[in-house]
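1. Give me the fold of what follows.
(one chain, ligands or ions: 1)
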Amino acid sequence: MNFPDAFIDFLNKEGVDPKVYSVETPRYFIWNTLYPLETDTIEKEFPGVLKLEPPYDYIIGIDLSSLVAVETLDINPNDKVLDLCCAPGNNGFFVGVGTKLSVIASKLGDSGIGSVTGVDISLSRLNNCRSIMKRMKVNKARVYCTDGTTFDKLAPDELPNIFEPFQKKRKTKLQKSDDPTLFHESYIFKRRANISCNSLYDKVLVDAECTHDGSLRHILKSCVEFNQWDNFLKRIQDQAALEGLYDLQYRLLENGYKLLKPDGVLVYSTCSLTQSQNENIIRKFLRATPNAVLEDINTFLPSKVQPGKVTLPKCIRFDPLCSGISGFFIARLRKLK
Ligand SMILES: C[S@@+](CC[C@H](N)C(=O)[O-])C[C@H]1O[C@@H](n2cnc3c(N)ncnc32)[C@H](O)[C@@H]1O
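-> Reported below is the predicted structural model:
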């Protein structure tokens with residue numbers, strides 16, 4: 001494959017083998033398990049045609065690595081979860097691309113007092129996020145359009161464990177929020193206008209902004225197929241911009257940790273294969289934060305998906321060459337009491 005020299009230099013500097021971009025990765029699909037599918041199979045109707053039984057409009061494509069990042073949070077129904085960079089891009093693959101926020105919301109289920117709070121700085125990406133939330137009929141989620149490095153809203157103390165099926169909603173008078181950063185609330189949030197919010201979060205996901213070099217789809221579709229290298233190359237060639245990105249990643253991690261309750265779990269992830277945006281950020285953070293410890297990641301992985309090399313024990317790097325899925329890094333931190 002012919003890549004621009006600047007991209008090859010970038011990969012060499014970070015010890016990434018350009019062969020990763022020749023791996024063909026499978027696609028995974030999710031749906032909100034509160035609304036079971038009529039069938040759990042997708043049939044091959046006749047050559048070239050797949051058939052899905054209804055209801056199918058909330059089936060969403062996602063990378064396995066994204067699912068593992070959410071699994072690493074060990075969500076339970078009473079968790080108050082913060083997703084500090086929650087919005088997806090829109091690469092229009094099949095029926096859309098899933099967000100970790102929608103998987104988190106689906107995992108919270110309907111039986112507990114938990115909820116998920118999403119934050120993202122990009123309005124257009126939040127619109128993608130909102131349409132996925134709607135399609136997946138997400139119940140207990142709210143999303144803010146603001147800077148995750150300074151976000152300071154605490155978690156709702158509790159949301160009632162009443163499952164109100166999305167389909168059966170009655171018309172109710174909704175109170176308009178006086179918070180200009182509040183972008184979208186799910187049905188159950190809107191119904192409970194006066195929820196007190198004084199809790200730190202049990203779980204925090206910092207799925208940080210990054211160079212996306214591990215995302216094979218991003219590199220192969222946007223950059224190679226549509227020849228849109230310009231923005232990508234500008235970013236990786238400009239050392240000051242890269243330093244700014246590392247600083248952003250660090251500050252997102254710092255703020256997420258600040259909002260995490262003692263004994264809580266924070267997962268830091270990126271879809272970059274580099275050391276600079278992963279191990280180096282975590283190392284620096286651990287040096288500066290004595291009550292943060294790295295924990296093992298014991299999430300179930302299909303046998304064919306072998307994690308690649310990391311230079312910081314306990315973290316996981318999916319390397320397309322040995323994992324067979326898109327490039328991704330995950331670290332799990334606990335805040336000691
Ligand atoms: C890797 S993407 C997130 C993907 C998303 N978690 C998902 O599962 O689809 C990183 C996100 O960080 C957002 N971002 C960049 N700077 C930010 C900031 N200062 N505060 C909050 N979000 C930011 C970007 O807009 C982008 O949506």
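2. From the centroid of this structure, which residue is nearest?
-> Closest to where the C-alpha atoms of the chain average out (Cα atoms, centre = their mean) is residue 100, at 3.8 Å.
3. for that residue, what are its contacts?
-> Residue 100 is in contact with 66, 69-70, 83, 86, 205, 207, counting by Cβ atoms under 8 Å, 6 or more residues apart in numbering. C-beta: built from backbone N, CA, C; applies to glycine.
4. check those against the ligand, which are close?
-> Judged by Cβ under 6 Å from any ligand atom, the overlap between these and the neighbourhood of the ligand comprises 66, 86, 207.
5. Dihedrals phi and psi, the last one?
-> Comment: the main-chain dihedrals of residue 207 come out as phi -90, psi 80, following degrees, to the nearest 10.
6. In this structure it contacts residue 269, no?
-> Yes. A contact is recorded between residue 207 and residue 269 when judged using Cβ atoms under 8 Å, the distance being 5.0 Å.
7. Name the residues contacting each of those two.
-> What both residue 207 and residue 269 touch, as defined by Cβ under 8 Å, 6+ apart, is the set residue 69.
8. Just give the strands next to the longest strand belonging to the chain in its sheet, each with its orientation.
-> Looking across the chain with DSSP state E, the single longest strand is strand 260-270. Applying DSSP bridges to the sheet, strand 260-270 is found paired with strand 201-207 (parallel), strand 328-335 (antiparallel).
9. same question for stretch 62-74, mean pLDDT?
-> The average pLDDT for stretch 62-74 rounds to 93.
10. what comes up buried for it?
-> Residues of stretch 62-74 classed as buried under the neighbour-count rule (16 or more other Cβ atoms under 10 Å) are 62-73.
11. Output the longest helix belonging to this structure.
-> Selection of the longest helix in the chain by residue count, based on DSSP state H, yields helix 239-258.
12. Identify the residues contacting that helix?
-> Applying Cβ under 8 Å, 6+ apart, the contact partners of helix 239-258 are 82, 84-85, 148-151, 204-206, 208-211, 234-236, 266, 268, 270, 276-277, 280-282, 284-285, 289, 292, 333, 335.
13. coming back round to it: give the next helix or strand downstream of the longest strand of the chain.
-> Note on strand 260-270: by DSSP states H and E, the next helix or strand toward the C-terminus is helix 279-288.
14. Could you spell out the sheet neighbours of the helix or strand just after that following helix, each with its direction?
-> Of the helices and strands lying after helix 279-288 in sequence (DSSP H and E), the nearest is strand 292-295. Sheet neighbours of strand 292-295, with direction, are listed as strand 328-335 (antiparallel) (DSSP bridges).
15. anything in the partner strand sitting right up against the ligand?
-> No. Where contact is defined by Cβ under 6 Å from any ligand atom, no part of strand 328-335 touches the ligand; the two come within 10.1 Å at best.
16. As a check, name the ranges of all strands in this protein.
-> In the chain, the segments counted as strands under DSSP E are 28-30, 43-46, 49-51, 60-62, 80-83, 115-120, 141-145, 182-185, 201-207, 260-270, 292-295, 316-318, 328-335.
17. Minimum distance to residue 156: which of the ones you listed has it?
-> Each of the strands of the chain was checked against residue 156 via Cβ to Cβ, and the shortest separation belongs to strand 115-120, namely 5.2 Å.
18. Over the closest one, what's the mean pLDDT, rounded is fine.
-> 97.
19. Quick one: residues in contact with it.
-> Counting by Cβ under 8 Å, 6+ apart, the neighbours of strand 115-120 from elsewhere in the structure are 80-87, 101, 104-105, 108, 126, 129, 140-146, 148, 151, 153, 155-156, 159, 189, 201.
20. Please report the number of neighbouring residues for residue 149.
-> As a burial measure, the neighbour count of residue 149 was computed by other Cβ atoms under 10 Å and equals 18.
21. again, but for the one 3 residues further on
-> By the other Cβ under 10 Å criterion, the neighbourhood of residue 152 contains 8 residues.
22. Make sure it is actually in contact with residue 259.
-> Yes. Checked against Cβ under 8 Å, the pair residue 152 and residue 259 is within contact range at 7.4 Å.
23. can stretch 273-281 be found next to the ligand?
-> No. Where contact is defined by Cβ under 6 Å from any ligand atom, no part of stretch 273-281 touches the ligand; the two come within 10.9 Å at best.
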